[in-house]
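Engineer: following is a predicted model, sequence given first.
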Amino acid sequence: MSLCLNPLLFPSLFPDALTPDGLLVIIVDGQLPPPWHAELPPVLAHYSTNQEYQVGFDLVKALEERGLLDLHERRRTAPVPFRQSVDAYVESFHARSGCSRAGMEPRAVVGFGEAVREIVSRYGEVVELQIVASVAWGRPQPGRPEDE
């Protein structure tokens with residue numbers, strides 16, 4: 001279980017950090033699925049150092065289900081176009097925990113880069129993404145006794 005979902009730890013993080021009327025705001029960035037979206041999961045699963053990663057994991061929903069967040073509202077931004085080279089796109093994965101260079105063997109870094117480049121370059125020399133963000137806010141809660 002992630003520390004942020006621990007029903008004993010999560011509620012203890014906020015009493016001194018929020019005013020009595022304060023709300024917790026959770027911002028999650030992402031992107032609309034690019035054309036190669038369905039082709040990447042096997043590559044990520046093979047090379048990722050985070051084998052517990054769950055595709056589609058929804059932190060806000062998980063907090064709500066555990067009684068740790070009374071969600072007031074959730075919105076998603078309009079997509080914003082973003083362009084970058086294929087090499088910059090590949091490199092962006094190394095800034096994420098599951099594919100950080102520090103956690104991967106050198107030959108895995110090379111193999112991962114080659115696999116992603118092979119997939120993405122079939123769609124052009126420039127990667128065009130639609131960046132979005134989810135913004136949710138609500139009041140932290142103590143959680144349900146059955147979660148302890």
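Structural biologist: Perfect, thanks for sending it. Numbers count the residues shown, from 1 in each chain.

Engineer: three-state assignment of the most far-flung residue of the chain relative to its centre?
Structural biologist: Using Cα atoms, centre = their mean, the residue of the chain lying farthest from its centre is Pro20. It sits 29.2 Å away. Of the three states, Pro20 takes coil under DSSP: H, G, I helix; E, B strand; the rest coil.

Engineer: check the one 10 residues further on too.
Structural biologist: In terms of secondary structure, Gly30 is strand; the call rests on three-state DSSP.

Engineer: how about Asp70?
Structural biologist: Asp70 - assigned by three-state DSSP - is strand.

Engineer: by contact count, what packs against the helix or strand Pro41 falls within?
Structural biologist: Taking DSSP states H and E as the definition, Pro41 sits inside helix 40-47. The contact analysis (3 or more Cβ pairs under 8 Å, 6 or more residues apart in numbering; DSSP states H and E) places helix 40-47 against helix 106-120. Backbone N, C-alpha and C define where each C-beta goes, glycine included.

Engineer: for stretch 102-110, give the mean pLDDT please.
Structural biologist: Stretch 102-110 carries an average pLDDT of 93.
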